[in-house]
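Engineer: here is my input; please provide its structure:
(one chain, ligands or ions: 2)
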Amino acid sequence: MANSKQLSRFWEWGRNIVCVGRNYAEHAKEMGSALPAEPLFFLKPSSAYVREGSPIVRPYYCRNLHHEVELGVVIGRRARAVPQDAAMQHVAGYALCLDMTARDTQERCKKNGLPWTLAKGFGSSCPVSDFVPKEKIPDPHKLQIWLKVNGKLRQEGDTSSMIFSIPYLISYISHIFTLEEGDLILTGSPKGVGAVEANDEIEAGIRDVVTMKFTVAQGAEPGSPKGV
Ligand SMILES: O=C(O)/C=C/C(=O)CC(=O)C(=O)O
Ligand SMILES: [Mg+2]
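Structural biologist: Ligands and ions are numbered 1, 2, ... in the order given. The predicted structure follows:
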């Protein structure tokens with residue numbers, strides 16, 4: 001099992017980013033989507049990570065970039081086909097994460113039955129906070145997560161409202177592929193997702209645990225000499 005110190009910079013390990021979708025009923029409702037009977041999940045590349053001090057870059061093909069604030073679970077020990085009652089032994093800690101989403105692109109992908117990679121997997125689509133060792137969070141299903149844009153509250157959710165619990169998700173995913181040390185699971189967004197524009201400031205937190213701040217920048221068209 002990797003220890004907290006080794007995993008304190010989990011974003012540098014280059015491991016899987018596994019995202020769970022529609023895990024909060026009110027978010028599924030605001031998207032006009034049905035509740036999932038089983039977890040819905042997708043992957044981001046590890047180059048999607050971005051840390052405070054660097055911007056979230058809106059891709060050139062996106063006109064409607066959305067924030068989704070989510071609790072992230074950092075895997076500390078390889079998990080392969082683990083039962084639910086052993087799943088938490090594989091957790092090293094947590095992080096606050098954003099699942100930045102090119103919503104207009106996602107709508108097109110949904111309509112055409114295409115994967116969500118363009119909408120969810122672009123560079124800087126996964127801003128993350130500092131690592132929080134699991135000892136600091138006695139119950140990850142009793143956390144309040146929130147997000148403000150330019151000082152205005154947009155999202156506030158309680159992790160007790162997740163449809164599928166963290167042990168269920170770890171067990172479920174680990175029966176499909178092996179979870180490795182340093183992998184991150186984004187557990188889904190509560191309601192209140194919305195658009196951000198270039199120069200907006202996003203601030204988010206897990207109440208009493210951690211906060212983070214990012215600014216949004218506009219990505220350059222391919223071939224353009226300027227821009228991010
Ligand atoms: O149902 C939809 O149209 C969109 C759902 C998502 O983007 C899923 C998530 O990423 C989430 O629920 O966090
Ligand atoms: Mg999400």
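Engineer: for this protein, which residues are neighbours of ligand 2?
Structural biologist: Residues of the chain lying near ligand 2 by C-beta under 5 Å from the ion: 68, 99, 189. The way it works is simple: take the backbone N, C-alpha and C, and place the C-beta from them, glycine included.
Engineer: how about those residues in TSV, adding neighbour count and secondary structure?
Structural biologist: Formatted as TSV, the residues of the chain next to ligand 2 follow (neighbours: other C-beta atoms under 10 Å; DSSP: H, G, I helix; E, B strand; the rest coil):
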residue	neighbour count	secondary structure
Glu68	24	coil
Asp99	26	coil
Ser189	32	coil
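Engineer: just for this protein, where's the confidence low?
Structural biologist: 226-228 (pLDDT under 70).
Engineer: what residue in it comes nearest to ligand 2?
Structural biologist: Scanning the chain for proximity to ligand 2 using C-beta to the ion identifies Asp99 as nearest, at 3.3 Å.
Engineer: could I get the contacting residues of the residue nearest to that residue when sequence neighbours are not counted?
Structural biologist: Closest residue to Asp99 in three dimensions, ignoring its sequence neighbours and counting by C-beta to C-beta, 6 or more residues apart in numbering: Glu68, at 4.1 Å. If a contact means C-beta atoms under 8 Å, 6 or more residues apart in numbering, then Glu68 has 27, 98-101, 155, 189, 193 as its contacts.
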